[in-house]
Every structure is written in C-alpha cells, then in structure tokens.
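Visitor: Here's my sequence, what's the structure:
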Amino acid sequence: MNHSLRKGFTLIELLVVIAIIALIATIVVGYVNQSTSRGRNTRRATNVDQIVKAVNLYYSSVGSLPEVSGWCNTVSNGAFGTDFQTKIQPYMKTVQLDPTLGGATGDYLFYSISSGAGQFKVCATMEAPNTGNNNSFNAGAAGCGGATGITYNYCLNQ
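Guide: Numbers count the residues shown, from 1 in each chain. Okay, here's the model as predicted:
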C-alpha cells in the first residue's frame, strides 16, 4: 500500500493552523484597541488645548474669565456648560465633546481659579493613567458642580 497518495490534512495539522490564526488575531485586536484608546486620548488633549486657547482669547478681549473665581463645572452639559459655551463661542465655534462620554457628567471641566488674574484649569479624564501630564484634579474635593466624585487625570493650567 502506497501512503504517498493520501490527500488532505490530519486533524492535528488543522488544529495547529487554527491555533496559529487565533493567536495572530488576538495580537492584532489588542493593537487595534490600544491604538483606538491612544487616538481618543489624543483627541481629548487637543480638545482641552482648544478650550484653553478660546478662554485665553476671551480673557484678552474681556479682561476676565468666562466665569467668576471659584466657579467649577463641566464644560459641555447642563445650564452651566451651555452658558460657558455661549461665552467662548466667538473664539471657538463648537466645543467638542469627549469621545466616549459625549456630554455626560465627567466630560471636560473648567475651573476658574482667579477670574481677574486669568488663572484657570481645563481638565479631561484620559483612558490611560500615564498620559505624560501628572497634573490631576479631584473635582469632588473642589466642590465642582456636576462633577462630584470625579478625579480628572489630565489638566492644563493657565
């Protein structure tokens, strides 16, 4: 009997190929998820930077910040967020929402430290704890309306 005429694959060979394909797929999905998370964090950092620039332009024109000293609230939701957006609208047409929160509580935060001196901070919550910005802010401890209990891990101070 000649075994060289046998056609097809054995069950072991098929299982090995399937295992290799599953391993490669797992690695690729991990990289795609990581890249997506980094992309959202980059978008958040860009949005925070744009809000800071708009507030600085507002301060240069008006001589004070959009809100009084000690004012602290989320930027994109509720009556306070709408009022804030209206004030900076001439300098920033649309305040972009957080890619995952999209206007829900915990979105970007504006904290007016000193309105007359132009000192403020704008914060976001990044998905990765190591964002290269070690400036975190506990909104609940500061008494920020609409953001109680949220600690933002990315802030820009002015």
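Visitor: now for whichever helix in the chain runs longest, which elements pack on it?
Guide: Longest helix in the chain, counting residues (DSSP state H): helix 11-62. With contacts defined as 3 or more Cβ pairs under 8 Å, 6 or more residues apart in numbering; DSSP states H and E, the packing partners of helix 11-62 are helix 78-88, strand 119-124, strand 154-157. Just so you know, the C-beta spots here come from the backbone N, C-alpha and C atoms, and that holds for glycine as well.
Visitor: ok, now with 10 Å
Guide: helix 78-88, strand 109-114, strand 119-124, strand 154-157 (3 or more Cβ pairs under 10 Å, 6 or more residues apart in numbering; DSSP states H and E).
Visitor: Now do that helix, average pLDDT.
Guide: The average pLDDT within helix 11-62 is 88.
Visitor: after it, next one along is what?
Guide: Moving toward the C-terminus from helix 11-62, the next helix or strand (DSSP states H and E) is strand 72-74.
Visitor: residues near C123, how many?
Guide: Neighbours of C123 under the rule other Cβ atoms under 10 Å: 30.
Visitor: Which residue, neighbours along the chain excluded, lies closest to it?
Guide: The shortest distance from C123 to any non-neighbouring residue, by Cβ to Cβ, 6 or more residues apart in numbering, is to Y152 (3.5 Å).
Visitor: now N157
Guide: Nearest residue to N157 in three dimensions, chain neighbours excluded: K121, at 4.7 Å (Cβ to Cβ, 6+ apart).
Visitor: Hmm, A124 and D107 touching each other?
Guide: Yes. Using Cβ atoms under 10 Å, D107 is in contact with A124, at 8.0 Å.
Visitor: I'd like the distance between L57 and I18.
Guide: Applying Cβ to Cβ, to the nearest Å, the value for L57 to I18 is 58 Å.
Visitor: More neighbours: which of those two?
Guide: Shown here are L57 and I18; by other Cβ under 10 Å, L57 has more neighbours (14 against 10).
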